[in-house]
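Q: What follows is a predicted structure for the sequence shown.
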Amino acid sequence: MQAHLKMQAEENRAAGMEAEEARYAARRQFGNMTLLQELSRDTWGWGSLERLAQDLKYVLRVLTKNPGFTTVTLLTLALGIGANTAIFSVLHAVLLAPLPYPEPDRLAVLFGASRFGNRIMMSAPDASDLRAQTTVFEDIAVAGYSVSDLAGPGEPERIAGSRITPNLFPVLGIQPIAGRGLQSADDQPAAPPVVVLSHALWQRRFGGDPSAIGKAITLGKQSRTIVGVMPPSFYFPSEKTEYWFPLGSDPLRTMRDARMFHVLGRLKAGATFEEARAEVRTIAARLESAYPNSNKGWRVEVVPLVESIVGDVRPALLIMFGAVGLVLLVACANVANLMLVRGVQRQREIAVRAALGAGRRRIMRLLLVECLVLALLGGAFGVVFAAWGLDALLPLYPPGLPRAAEIRVNTPVLAFTLLLSLGTGLLFGLMPAVRASRTDLRSALKSGVQSGFRTGRSGGLLVVVQAALAMVLLTCAGLLVKSFLLRTRVSGFDPSNLLVVDAPELPPAALNALLERLRSLPGVIAAGAGTSFPHAPVMSTEIRIENRPKST
């Protein structure tokens, strides 16, 4: 460029101009040097990346010079993005993450259903007949609840477990990490008692010692040999399950009225749930005809395993996700208003940039880079808030929330936060950037800093949006509080001054003696015992009135 300027100046001097006049004329004829340098850099170098680096340096310098604006903006964005990150962590763990089983979309739960439509568990004989007659399921397994007092190394404790058919682990597609699973031979009435431990129980009682395989522990009143240990992530039928042993000669195995078992099936490759439902309806009709005393009026429903686990909480989680989305929209409206007001103070700066040759697109890009930097920094702080919030809220999770142990800020959650931050930056930055790029150059340079463009209709529109969203959020918050109060309110009895304790199973004489001593204590009005607490989930069975026909 300098060579071209020199050549043009020499031509001007040859045409009769003075030396100084020739140089100025050459510069005028050549055009805007800065703009031409930018165009040349685009042609021969990494122009876009270089300009982006320049914009980033400038934005960081501007933000550090305005700590008040930067702090308020980052806190606003961090709270909005952090709330969304926290709720998405729950949403991802509970609803979106695949179940920790191979091909979980082929797993189904089979429920019994009465004529009233309520779902209950099934009996072992019905499950056995379904397994024998099905052509759609690859296999069907049974799992029931068990609670036992554990004696062995360490202090005695009361733990929850499951009585299962040996094919449960193969149906789920999970193998033990130590030892073996249950086998058909273990399920015979005369077979030696065995048990498979959860990883947590193995670590807690044996310190993860591999030599625990083959040792005996006492569950209830029976000694069982440890034959295997399941992976850390495995739990079924509940997250509290810590051991599994075969049904064996359990009396409930032959009781068709005892609907106390979860029934789990794996569809054959290529089979659909509609085919399974049609076949199960046919088999249930056969069983109703064959066993009218126990099966009349009963149906069988086939539900995907993931739906049976998370189906009840999905609406509530989606509503919460929508509510925190509204919080983020309010935050975006707040930040957009701040950016519009700040644009008034920067009008002269933008006008000078335009006078020096910066085009509208370049000005918009600079302002959008600033917004994206703010959004990304806010997202980073939001992740910190979300991680802290998840730890703080862990004790407040409802007891029935499925997969609560899997809730954490992981890679998918971080990817969501990154995309959310970028989208947030564009959302609150686009309108101020467009308005700033339309600044009238002449009036801005003449009027100075104080009389720049006004926020005008855009600012008023944002205020209206903020007010509307705030009203919606207030309504949602009121409904959520009311729902929480209803969920925590115990109906049917007065829980005040009521104490409960989970005690090991006692012989009737010892239990009666304990209750008599409790009743004799000062201040004790009454004392009683039961197999479960009020409103706790319990196994169900049928109740009939003697000499009365069965209800249908």
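A: Arrived safely. Residues are numbered from 1 along each chain as shown.
Q: isn't there a strand covering residue 266?
A: Yes: counting by DSSP: H, G, I helix; E, B strand; the rest coil, residue 266 falls inside a strand.
Q: And for it, the neighbour number?
A: 24 (other CB atoms under 10 Å). Where you see a C-beta, it was placed from the backbone N, CA and C, and this is true even at glycine.
Q: was I right about it contacting residue 134?
A: No: assessed by CB atoms under 8 Å, residue 266 is found out of contact with residue 134, at 10.8 Å.
Q: quick one, phi psi at the closest residue to residue 219 other than its chain neighbours?
A: Once flanking residues are discounted, residue 219 sits nearest to residue 148: 4.1 Å by CB to CB, 6 or more residues apart in numbering. Here is the backbone geometry of residue 148 (degrees, to the nearest 10): phi -140, psi 160.
Q: ok, residue 148 to residue 337 distance?
A: According to CB to CB, to the nearest Å, residue 148 and residue 337 sit 62 Å apart.
Q: Run a quick neighbour tally on the residue nearest to residue 219.
A: Residue neighbour count, defined by other CB under 10 Å, stands at 23 for residue 148.
Q: List the contacts of it.
A: Taking CB atoms under 8 Å, 6 or more residues apart in numbering as the criterion, residue 148 is in contact with 158-159, 161, 219-220, 243.
Q: Domain ranges for this protein, per the record?
A: The record's domain parsing of the chain by automatic domain parsing lists 2-46, 66-96+312-486, 115-297.
Q: Dump those into TSV; add distance to residue 502 as well.
A: Below are those laid out as TSV (distance: least, CB to CB, whole Å):
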stretch	distance to residue 502
domain 2-46	68
domain 66-96+312-486	14
domain 115-297	6
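Q: For residue 524, which of those is the nearest?
A: Of all the domains of the chain, domain 115-297 sits nearest to residue 524, with 23.5 Å by CB to CB.
Q: How far does the closest one sit from its chain's centre?
A: Averaged C-alpha coordinates place domain 115-297 at 28 Å from its chain's average position (CA atoms, centre = their mean, to the nearest Å).
Q: Rounded mean pLDDT for it, please.
A: Mean pLDDT, computed over domain 115-297, is 91.
Q: what does stretch 530-549 give?
A: Averaging pLDDT along stretch 530-549 gives 64.
Q: Ok, stretch 320-339 next?
A: Throughout stretch 320-339, pLDDT has a mean value of 83.
Q: Can you give me the buried ones in it?
A: Residues of stretch 320-339 classed as buried by neighbour count (16 or more other CB atoms under 10 Å): 320-321, 323-339.
Q: now stretch 190-210
A: 194-199, 201-202, 204-206.
Q: Specify which member of those is nearest to residue 548.
A: Checking the buried residues of stretch 190-210 against residue 548 by CB to CB gives residue 195 as the nearest, at 42.2 Å.
Q: and the closest residue to that closest one other than its chain neighbours, bridged to which residues?
A: Excluding the flanking residues, the one nearest residue 195 by CB to CB, 6+ apart is residue 224, at 4.1 Å. Beta-bridge partners recorded for residue 224 (DSSP bridges): residue 217.
Q: For residue 224, the count of nearby residues, please.
A: Counted with other CB under 10 Å, residue 224 comes out at 20.
Q: same deal with residue 531?
A: Residue 531 - counted by other CB under 10 Å - has 9 other residues nearby.
Q: Distance check, it against residue 310.
A: Residue 531 is 28 Å from residue 310, by CB to CB.
Q: Over to residue 433?
A: The gap separating residue 433 from residue 310 is 41 Å, by CB to CB.
Q: More neighbours: which of those two?
A: Each of residue 433 and residue 310 has its neighbours counted (other CB under 10 Å); residue 433 has more, 23 against 18.
Q: Pretty sure the more buried one sits in a helix.
A: Yes: per three-state DSSP, residue 433 lies within a helix segment.
Q: residues touching it, list them.
A: Shown in contact with residue 433 (CB under 8 Å, 6+ apart): 363-364, 367-368, 371.
Q: And the pLDDT at residue 369?
A: pLDDT, residue 369: 87.
Q: Now name the helix or strand holding it.
A: For residue 369, the host element (DSSP states H and E) is helix 360-393.
Q: name the helices or strands packed onto that helix?
A: Under the contact definition 3 or more CB pairs under 8 Å, 6 or more residues apart in numbering; DSSP states H and E, helix 360-393 sits against helix 47-65, helix 67-91, helix 347-355, helix 411-437.
Q: in the stretch 151-300 of the chain, which spans are helices?
A: Applying DSSP state H, counting those that start in this stretch to the stretch 151-300 of the chain gives helices spanning 168-172, 199-206, 273-290, 292-295.
Q: Let me know which of those is the nearest to residue 28.
A: Here helix 273-290 is closest among these (CB to CB), at 78.4 Å.
Q: Give me the contact list for the closest one.
A: Applying CB under 8 Å, 6+ apart, the set of residues contacting helix 273-290 is 108, 110, 126, 129-130, 133-137, 265, 267, 295-302, 304.
Q: hmm, try it at 7 Å
A: Outside of helix 273-290, the residues within contact range by CB atoms under 7 Å, 6 or more residues apart in numbering are 108, 110, 126, 129-130, 133-137, 267, 295-296, 298-300, 302, 304.
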